[in-house]
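**Q** Here's a sequence, model it:
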Amino acid sequence: MPRSTKSPAFLTGQFLIAMPGMLDPRFQRSVVYICAHNEDGAMGLVINKLFGSITFRDLSEQLELPAPTPAVGRTPVHYGGPVESGRGFVLHTADYVRDGTLVVNEDIALTATIDILRAMGEERGPKQSLLLLGYAGWGPGQLDSEIQANGWLNAPCDTGILFDDDLEGKWERAIGLLGVSLSMLSQEAGHA
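**A** Okay, here's the model as predicted:
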């Protein structure tokens, strides 16, 4: 019988936090929200890096959508990860659920349709959201191996950290969820 994503062995709905010694520059000091993790692999979104200086307004123009309200138009676009960097995602509160929305848990959902962008541009979208391009993906067992090799920590999601604008502080605050300080973490794989 296949295990469900609710199993404690799986990290769906949690933060994945890069260890201080992360060698991959794409993930150094990253906090990743895990949208799906099961026996087939994992998919997550980096929540603390921007995709250059692209804004919601820029994306709307490129997709030929109606101009968003000025406040929404200034919303930054985040770097979700190195896979399919032209593919857009909206990670958001679960108060907005439509066809095509993946409900991660009772608080958070993921939508990758153009309809959510239209709704957001008209301020009819979710209460809180992050707009991202690209994602982070792992094959079967790959993420588990990276965690065992001391590449990542995991922590429960904190929606205050998830949706706030302090991108620079998210990594340290996410580590703080574990009750440890940076000085306690080794820079080298295989050491505590």
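**Q** Name the residues linked to the residue nearest the centre of the chain by a beta bridge.
**A** The residue lying closest to the centre of the chain (Cα atoms, centre = their mean) is Leu45, at 2.8 Å. In this entry, Leu45 is beta-bridged to Tyr33, by DSSP bridges.
**Q** ok, it to Gln128 distance?
**A** 14 Å (Cβ to Cβ, to the nearest Å). C-beta: built from backbone N, CA, C; applies to glycine.
**Q** ok, now Ser60?
**A** 19 Å.
**Q** More neighbours: those two, which one.
**A** Higher neighbour count among Ser60 and Gln128: Ser60, with 19 against 16, using other Cβ atoms under 10 Å.
**Q** Wait, that one touches Ala67, no?
**A** Yes - contact criterion Cβ atoms under 8 Å: Ser60 and Ala67 qualify, at 6.5 Å.
**Q** Residues that sit against both of these two, list them.
**A** By the contact definition Cβ atoms under 8 Å, 6 or more residues apart in numbering, Ser60 and Ala67 are jointly contacted by 73, 121.
**Q** Alpha carbons only: can I get stretch 89-106 in PDB?
**A** Extracted in PDB, the C-alpha atoms of stretch 89-106 (Å, rounded to 0.1, in the frame of the first residue of the first chain):
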ATOM      1  CA  PHE A  89       3.300  29.700  -9.600                       C
ATOM      2  CA  VAL A  90       1.300  31.500  -6.900                       C
ATOM      3  CA  LEU A  91       1.800  30.100  -3.400                       C
ATOM      4  CA  HIS A  92      -1.100  31.500  -1.300                       C
ATOM      5  CA  THR A  93      -3.500  31.200   1.600                       C
ATOM      6  CA  ALA A  94      -6.200  28.600   1.200                       C
ATOM      7  CA  ASP A  95      -9.000  31.200   1.100                       C
ATOM      8  CA  TYR A  96      -8.700  31.000  -2.700                       C
ATOM      9  CA  VAL A  97      -9.300  27.600  -4.200                       C
ATOM     10  CA  ARG A  98     -10.400  27.100  -7.800                       C
ATOM     11  CA  ASP A  99     -10.100  24.400 -10.400                       C
ATOM     12  CA  GLY A 100      -6.400  23.600 -10.800                       C
ATOM     13  CA  THR A 101      -5.500  24.600  -7.200                       C
ATOM     14  CA  LEU A 102      -3.400  22.200  -5.200                       C
ATOM     15  CA  VAL A 103      -4.400  22.500  -1.600                       C
ATOM     16  CA  VAL A 104      -1.200  21.700   0.300                       C
ATOM     17  CA  ASN A 105      -2.900  21.800   3.800                       C
ATOM     18  CA  GLU A 106      -5.700  23.700   5.600                       C
END
